Structure formats: C-alpha cells, structure tokens
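Participant: test case, fold it:
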Amino acid sequence: MRFYSTRNRSEPYGFAEAVVRGLAPGGGLFVPEEIPRFRSGVAASLGSMNFQDVAYETIRPFTADDIPDAKLTDMVCEAFTFDAPLVLLGDSSPDTGGRFVLELFHGPTAAFKDFGARFMARAFAYFRRNENRPLKILVATSGDTGGAVASGFYQVEGIDVTILYPKGRVTALQERQIAGLGGNINAIAVEGSFDDCQRLVKTALGDVELNKRLALSSANSINIARLVPQAVYYASAAGALKRRCAASPRVFCVPSGNLGNLTAGMYAAKMGAPVDLFIAASNINKTFPEYLAGGGYRPRESLATISNAMDVGAPSNFERLSSHWTADELRRLILGASVSDDDTRAAIAEVYGEYGYVLDPHGAVGWQAITRLRGKNALYTALATAHPAKFAHVVEPLVGPVKLPPCLEEAMRKPAHSVTIASEYGELKAVL
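Facilitator: Numbers count the residues shown, from 1 in each chain. Purely as a prediction, here's the structure:
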C-alpha cells in the first residue's frame, strides 16, 4: 500500500514512513492511494468476530507491506485490551428502528482517543526499533487527545512527547492527564485556542531547519496511524448492528471537531463495513455542517463550549475527506448538525430522565443531532466519546454525582506540570 500527500500525488511513501513523518512535505496529510476493501468474506462476518480480529482485518490492508502479520497480531492484542460496547436505549424493532450508544471510553484514559493512541505508540516503537536518534512527537489537543497520547507513549523508549493544549480551555481532569505523568511526556499550555496549538504544531513539523536538528513527528489525527485504528470500532459495531437487524439502515452520529473520527468512519464504510449514513454533529463551531448544507468551506476561529474537545474552527481532516470524496459525495453520505450548549445540556438531562443513562457533553451533541434528524426504520448510534465523569462540572448539575472510574481517580491524584507560552511559533521553537 502506497500513501500520498493530499497536496502532492507524485511522490509515494510506505506506511512506516508516513507514520514517522506525521505530516507530509508541503503541509499535506498522508492518505492511502485507495481505501482498500475487506478481504473476501470478512465484511459479512464482522458481526461474529471478536474485537481484536476485527482490528487485525481492518488495519492489515494499510500496513501489510511494513508490519509482518504476526507482529500486527501482537500489536492489536496489546493495544485493544478493552471493548467498545453497544448499549441500546429504549426499544428496537425492524419497524421502529432503535437508538444506541457506542461506548468508546473503556480504555485507560476513558476517551475514544485511546484506540488510536495505543496502536500508534506500538507502531512508532516498532518502526523506530533500530534508531539511535530520539524521536520527538508533537501533539495539539483540545482535550482528550493529549491524555490518550500521554498514556499511550508514557515510558516508550526513545520517544519524547510534547503536548500543546489551550490554557484554561481544558478541564482540570484533562490537564492532569496531559501534564501529570512527567518522564518523557512534556506539557505546554498555550495562551490561545486549539486552532493556535494545531497551527504551532504544523509550523514546527514544516520547519526545515528545526527538522534537521530534531527528529519530529505528530500524534494528532493528522497522523495516519492514529486514524486507521479508529475505523475498527465502526466496523465492529456496524457488523453487530447488521447481525441484530439486517433489514434496518445503520446510521452513525459522530461528535465532530477535527473530523478525524468521522474520517475513520468513512474509511470503515468504504472498506465494506455495513454503514448506510453518517451524521456529523458539531457544537457551535459549525464549519463542517455549514459546508454540508451547501455553503463553502470557511474555516474560522474556534469558540469555547462545554463540549470542548470539539472546539475546532479549522478542522485538519477536512483536507483528507475532500481528497477522497467530492463535495457532492460528502453531502450524500453525511448529514450535518450544529448543537448549542443549552441543547447539549437538555439532551443530558433528557436521556438521564428517560433511561437513567449519563452522556458526556460530546455524546450529548450526537444524541441531540439524532433527535433532530432521525427518521423511521433505522438504527441510530451516537458515539459516546468520553466518560461523563471527565466533564463532571457540566454533567453533575443536571444528573447528580457521577462516579469516577479508577483510571480517572488515579489521574486526579497527580499534580499538573506545564510550561506556558504565547501562541507565537518562536516561543514554541525555543522550548523545543
């Protein structure tokens, strides 16, 4: 499998080189030459396979030239030690459809980013196994990415991680997950937005002089090794839903910020996972829903919301989506919705009152989008991308106390240590 930059189709790269580089030369994102199909018989069997087997079959077409099959088996078994359960809320039938929540928060940092970060850490370690020069990974986070990457790469030999996050725009728990480990994990609080953090990371990765002095890469969803593993839970869940009710269309509603999660879902569907439609659910940072509604793509400064991991005004993975699909195709395959903070709170309260189930603010954005766009006779799945306890300051006034899972209790006991910089590239470069 060859990979190309979204901005230059003339120079091919292997998976290993694309992963280690992170960002393509010229600032583009790496994409596969084509999105592969599942091997014969796999798509029809997804509903009866265990999660690790689905992971192997989903990832293998992208990595076969660079990771031996036996090694890939070890990597997926080590990375995916937790499941992504589907939870039915209410009733379901072929006539009425049904509403599900796909719980993606059972990993070590209680967020969906664990799936990509844990596989990516193992991929980096494998690809760098014979290198003596340390690798420095740069990450921009609006919340949960930083904690997942910190956990995934903690104490990985030969790799240092620097995580940039917007000062004052992540929760206290998220900050402890980002800045509480120490060791090979370094945290930088940027006086600005997530978009500023992302811009700084991209500038550093594209700085020719800096890259001569340091071996740099990225662990954001701009890195193909972060994105591909996220296709796994779509394939697994879609297979389970088809097995449950083959006649009902399957619609996945994706809380969307930087569009990496949605892109992974689109990859899974293109590979042959039985997904019929996506909903891209944003908060008031509605750059992508406006595009889907027929407007142009108009990136802008992000606005702070209670679903802070989605506070992205210039989503990087739009470039990846538009390299694979035309505007008409995207508008046919994806519906868009924008949800306010008030409506997000209303969804949390409503779901708890009706089902006794607690959504985090990001999952609640997805639930509310389904409520607006839902038709009949389909199975709708909202992705619950983080444990609600990570956003207790939002959730608990609406539903009462939410118990911290053990991994978050441990994180809260750690002090946060970070360096604060202005959103100026010169300051970041000096720190690096």
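Participant: beta partners of Ala281?
Facilitator: Assessed by DSSP bridges, Ala281 has beta-bridge partners Pro255, Ala337.
Participant: pretty sure it is touching Gly363, no?
Facilitator: No. Under the criterion of Cβ atoms under 8 Å, Ala281 makes no contact with Gly363, lying 9.5 Å away. The C-beta positions use only the backbone N, C-alpha and C, and glycine is treated the same way.
Participant: what do those two both touch?
Facilitator: Pro255 (Cβ atoms under 8 Å, 6 or more residues apart in numbering).
Participant: quick one: contacts of stretch 307-315?
Facilitator: Outside stretch 307-315, the residues touching it (Cβ under 8 Å, 6+ apart) are 111, 142-145, 169-171, 193-195, 198, 255-259, 282-283, 285, 287-288, 299-305, 341, 344, 361-362, 364-365, 385-386.
Participant: which residue ranges make up the domains of this structure?
Facilitator: 82-111+226-405, 113-223+411-431 (automatic domain parsing).
Participant: quick check: mean pLDDT of the longest one?
Facilitator: If I follow you right, that is domain 82-111+226-405. Domain 82-111+226-405 carries an average pLDDT of 94.
Participant: what's the distance between that domain and the middle of its chain?
Facilitator: In terms of Cα atoms, centre = their mean, to the nearest Å, the centre of domain 82-111+226-405 is found 11 Å from the chain centre.
Participant: against Leu200, how distant is Phe124?
Facilitator: Taking Cβ to Cβ, to the nearest Å as the measure, Phe124 falls 21 Å from Leu200.
Participant: cool, and Ala416?
Facilitator: Counting by Cβ to Cβ, the gap from Ala416 to Leu200 is 20 Å.
Participant: ok, now which ones touch the residue lying closest to Val19 once chain neighbours are set aside?
Facilitator: Once flanking residues are discounted, Val19 sits nearest to Ala225: 4.3 Å by Cβ to Cβ, 6 or more residues apart in numbering. For Ala225, the contact set (Cβ under 8 Å, 6+ apart) comprises 15, 19, 116, 119-120, 123-124.
Participant: pretty sure Ala225 is in a strand, no?
Facilitator: No. Using DSSP: H, G, I helix; E, B strand; the rest coil, the assignment for Ala225 is helix, not a strand.
Participant: re the thing from before, adding mean neighbour count, write the domains of the chain out as CSV.
Facilitator: Below are the domains of the chain laid out as CSV (neighbours: other Cβ atoms under 10 Å):
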stretch, mean neighbour count
domain 82-111+226-405, 21
domain 113-223+411-431, 21
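Participant: can I get those domains in CSV including distance to Met49?
Facilitator: Formatted as CSV, the domains of the chain follow (distance: least, Cβ to Cβ, whole Å):
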stretch, distance to Met49
domain 82-111+226-405, 7
domain 113-223+411-431, 16
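Participant: out of the ones you listed, which is closest to Glu34?
Facilitator: domain 82-111+226-405 (8.9 Å; Cβ to Cβ).
Participant: Leu359 and Arg2, how far apart?
Facilitator: 41 Å.
Participant: go on, Asn184?
Facilitator: Taken as Cβ to Cβ, the span from Asn184 to Arg2 is 32 Å.
Participant: perfect, I'm done here.
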